[in-house]
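Student: Got a predicted structure plus its sequence, pasted below:
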Amino acid sequence: SKRILHDAEERELFYDAGAALIMGIDVARFGTDESVIFYRQGRDARSRQMLTFKKLSTTQLVDIIAIEINKHKPDAVVIEGTGVGAGVIDQLRARGFKIIEVHPGAHSNQPLHYYRKRDELWALARNWLFEEGCILKDDELFKQLTGILYTFDKDEQRIKMESKEAYGERTKEGSPDRADAFILTFGVKLARRDKNKDY
């Protein structure tokens, strides 16, 4: 809800250097859509700038992502592996970067509750925002996170989020790219940076 997101925008942030840094990337599908790079480190999705780009070639985007990886040294880079995202993943892997590929249409890890992986990731993000998250203030991100709809699967009462395409058609505002880049940061579970280190 809007209140949950407002709370996450206003919540006091305590920096946690030991939490894993995750980089979520949503690759633009069409000319009007945005490619978005989003960072989350533990409860912090505020202090690192969200980057948005329009009308980049996949090669141009890969160059930017490579610079960002080398600059921030994230513990994981998560990219949606459908459509043009697959080409970006291939190019980054060819350069030696380790990429975690997420398929939103894949089966959920909690099939009794969520229809697909996408639905599960949105639920994880919602819980994080409600419980502890500190998120940056951005009007477009706010609009996308609070504007997407969900339904219950009519046969089994599982949560099913509105698709990118349905959102774009309904709102006439294109794909919810900023929200999806944020959601992708929940596509991997990592140990803390300050755990399991070799001394």
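Tutor: Sure thing, it's come through. Residues are numbered from 1 along each chain as shown.
Student: where along this structure do the helices fall?
Tutor: 2-10, 58-72, 84-94, 117-131, 139-147, 164-171, 177-184 (DSSP state H).
Student: Out of those, which gets nearest to Phe38?
Tutor: The minimum distance between Phe38 and those falls on helix 177-184, with 3.9 Å, by CB to CB. C-beta: built from backbone N, CA, C; applies to glycine.
Student: returning to what we had before: out of the helices of the chain, which one sits most buried?
Tutor: Compared across the helices of the chain, helix 177-184 shows the largest average neighbour count, a mean of 26 (mean count of other CB atoms under 10 Å).
Student: now it and helix 139-147, what's the angle there?
Tutor: 70 degrees (axes from the mean of the first three to the mean of the last three CA atoms, to 10 degrees).
Student: picking that back up, mind giving me JSON lines with the helices of the chain and columns for mean pLDDT?
Tutor: Below are these laid out as JSON lines (pLDDT from 0 to 100):
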{"stretch": "helix 2-10", "mean pLDDT": "91"}
{"stretch": "helix 58-72", "mean pLDDT": "96"}
{"stretch": "helix 84-94", "mean pLDDT": "95"}
{"stretch": "helix 117-131", "mean pLDDT": "88"}
{"stretch": "helix 139-147", "mean pLDDT": "89"}
{"stretch": "helix 164-171", "mean pLDDT": "61"}
{"stretch": "helix 177-184", "mean pLDDT": "94"}
